[in-house]
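Asks: Please work out how this folds:
(2 chains)
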Amino acid sequence: QQQVKQSPQSLIVQKGGISIINCAYENTAFDYFPWYQQFPGKGPALLIAIRPDVSEKKEGRFTISFNKSAKQFSLHIMDSQPGDSATYFCAARGAGNNRKLIWGLGTSLAVNP
Amino acid sequence: NAGVTQTPKFQVLKTGQSMTLQCAQDMNHEYMSWYRQDPGMGLRLIHYSVGAGITDQGEVPNGYNVSRSTTEDFPLRLLSAAPSQTSVYFCASSYDRDPYEQYFGPGTRLTVT
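Replies: The predicted structure follows:
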């Protein structure tokens, strides 16, 4: 059972466009929602993260929007660039003693020049 | 700091062989984990450790063993390799407290024939 559902599986965007990746979760005990970026042949790296008491967090061209009531969060990449082409993973972390990250299945983003 | 290092980068095994994937970190992180990444399957947690001497199973532990004798090292042992274990393996580490960012190694690409 996939506790964090990520969509779409793949995404093609033109340079300068907005890339939007969505994630939905079931467990209301999750207390930390990161997005990781992975380039081919590399390990994932933290891109941006948000806690459920905040509705939006922006870092440069990357924004997380968080809707606690709908149990959804999304990554928006403004002015998408070919260098943003990568696989993006959303994740959610359990609270208390459950430290494990629960991962979405990933979105492969291609930004055409 | 070297961060998280993994060796080897590539490995080919025959069915039934055993081997150890090495992982080390120099950030004094308490939490370390092993993931496997397969196409369309995202990142799946194999084993994790919250400190030296403490390990626990993730969602796909069968066929793998781990130990954590020091804070720095977290080797993953394949007991009797099977073709189903062909995958890319990532080691990650983090503090067991805020900000919970996981730092990933560069990965080991394993092929079992």
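Asks: Mind listing residues that contact the helix or strand hosting A:Phe89?
Replies: Using DSSP states H and E, A:Phe89 maps to strand A:86-93. Strand A:86-93 has contacts (Cβ atoms under 8 Å, 6 or more residues apart in numbering or on different chains) with A:3-4, A:6, A:21, A:23, A:25, A:27, A:30-40, A:44, A:47, A:73, A:75, A:99-109, B:42-43, B:100. Any C-beta I mention is one placed from the backbone N, CA and C, and that applies to glycine too.
Asks: And stretch B:72-89, by the same measure?
Replies: B:6, B:13-26, B:32-38, B:46-47, B:49, B:63-68, B:91, B:93, B:107-113.
Asks: then the strand holding A:Phe89 to PDB, C-alphas only?
Replies: The C-alpha coordinates for strand A:86-93 follow below in PDB (Å, rounded to 0.1, in the frame of the first residue of the first chain):
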ATOM      1  CA  ALA A  86      15.800  15.100 -13.100                       C
ATOM      2  CA  THR A  87      13.700  12.700 -11.100                       C
ATOM      3  CA  TYR A  88      11.900  14.300  -8.200                       C
ATOM      4  CA  PHE A  89      10.700  12.400  -5.100                       C
ATOM      5  CA  CYS A  90       8.300  13.600  -2.500                       C
ATOM      6  CA  ALA A  91       8.400  12.000   0.900                       C
ATOM      7  CA  ALA A  92       6.800  12.100   4.300                       C
ATOM      8  CA  ARG A  93       8.200  11.400   7.800                       C
END
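Asks: ok now that strand, how far from the chain's centre?
Replies: Centroid separation between strand A:86-93 and its chain, computed with Cα atoms, centre = their mean, to the nearest Å, is 5 Å.
Asks: Now do it, average pLDDT.
Replies: Averaging pLDDT along strand A:86-93 gives 96.
Asks: after it, next one along is what?
Replies: Toward the C-terminus, strand A:86-93 is succeeded by strand A:101-103 as the next helix or strand (DSSP H and E).
Asks: got the contact list for residue 64?
Replies: Going with chain A. Shown in contact with A:Ile64 (Cβ under 8 Å, 6+ apart): A:Phe33, A:Trp35, A:Ile48, A:Ala49, A:Ile50, A:Glu56, A:Lys57, A:Lys58, A:Phe73, A:Ser74, A:Leu75, A:His76.
Asks: Chain B was what I was after
Replies: Neighbouring residues of B:Tyr64 by Cβ under 8 Å, 6+ apart: B:Trp34, B:Ile46, B:His47, B:Leu76, B:Arg77, B:Leu78, B:Leu79.
Asks: Show the model's pLDDT score for the first one.
Replies: Same thing as B:Trp34. If you check B:Trp34, the pLDDT there is 97.
Asks: The host helix or strand of it vs strand A:86-93, what angle?
Replies: Element membership for B:Trp34 (DSSP H and E) is strand B:31-38. For strand B:31-38 against strand A:86-93, the angle by axes from the mean of the first three to the mean of the last three Cα atoms, to 10 degrees is 130 degrees.
Asks: which residues in chain A form strands?
Replies: Counting by DSSP state E, chain A has these strands, from start to end: A:4-7, A:10-14, A:19-25, A:33-38, A:45-50, A:56-59, A:62-67, A:72-77, A:86-93, A:101-103, A:107-112.
Asks: Of the ones you listed, which is nearest B:Glu59?
Replies: B:Glu59 lies closest to strand A:101-103 among these, at 9.4 Å (Cβ to Cβ).
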